[in-house]
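In: pasting a predicted model and its sequence here:
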Amino acid sequence: MQICAVQYPGDATESGKILWLKQQFFLCSASLRATISVTGKSELRFKERKEAERQWSEFPNKVAVQLNDTHPTLAIPELMRLLMDDEGLGWGEAWNITTRTIAYTNHTVLPEALQKWSRPVMWKLLPRLMEIIEEIDNRFIKFICSERADLENKLSQIYWITTPKSQL
């Protein structure tokens, strides 16, 4: 897989969008893997600690990941994937760790400047991340319906997966 032909590929073409997505996933995944392995200069690597000392619930107390735009947002489902698939954590524990570890600031206010990928491309390149993204989305919708009934009629405006599965 070639990911370094251009640092910021144009996304006007499908091949440019695919290269951009590959780069973003690679950088997010590599950064998270390094973060999981190294938690600080004075600390043992998180994964090298004795089993009794390595409690994933402590990970957010050692690590903070700040996403400063839409480009690195793949870090969210990727951290979930690493925690569940590689470390064997359940959804609830992985989600708790992820939400306590990752924070997000959006500096982009124009809709056309937000990072967007088509569902078919995402499913083709990152099927496991898409499973996780769709599960996050399903749980978000359920949360809105159960906890914020006042927002139910606005779901179409706040739906963050552009095309609901039912419309595919």
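Out: Done, it's in.
In: C-alpha from now on. contacts and neighbour counts both.
Out: Fine.
In: I'd like to know how many residues surround the nearest residue to L89 once chain neighbours are set aside.
Out: If the residues on either side of it in the chain are set aside, L89 comes closest to L83, at 5.7 Å by CA to CA, 6 or more residues apart in numbering. Using other CA atoms under 10 Å, L83 has 21 neighbouring residues.
In: what do you get for P120?
Out: If we define neighbours as other CA under 10 Å, then P120 has 11 of them.
In: tell me the spacing between it and R100.
Out: When distance is defined by CA to CA, to the nearest Å, P120 is 30 Å away from R100.
In: check Q24 too.
Out: Computed as CA to CA, the Q24 to R100 distance reads 22 Å.
In: now do R33
Out: The gap separating R33 from R100 is 17 Å, by CA to CA.
In: for this protein, which segments count as helices?
Out: Per DSSP state H, the chain has helices spanning 14-37, 59-62, 75-81, 91-101, 119-125, 127-147, 155-158. These are given in chain order.
In: pick the most buried one from these.
Out: Highest mean neighbour count among these (mean count of other CA atoms under 10 Å): helix 75-81, with a mean of 23.
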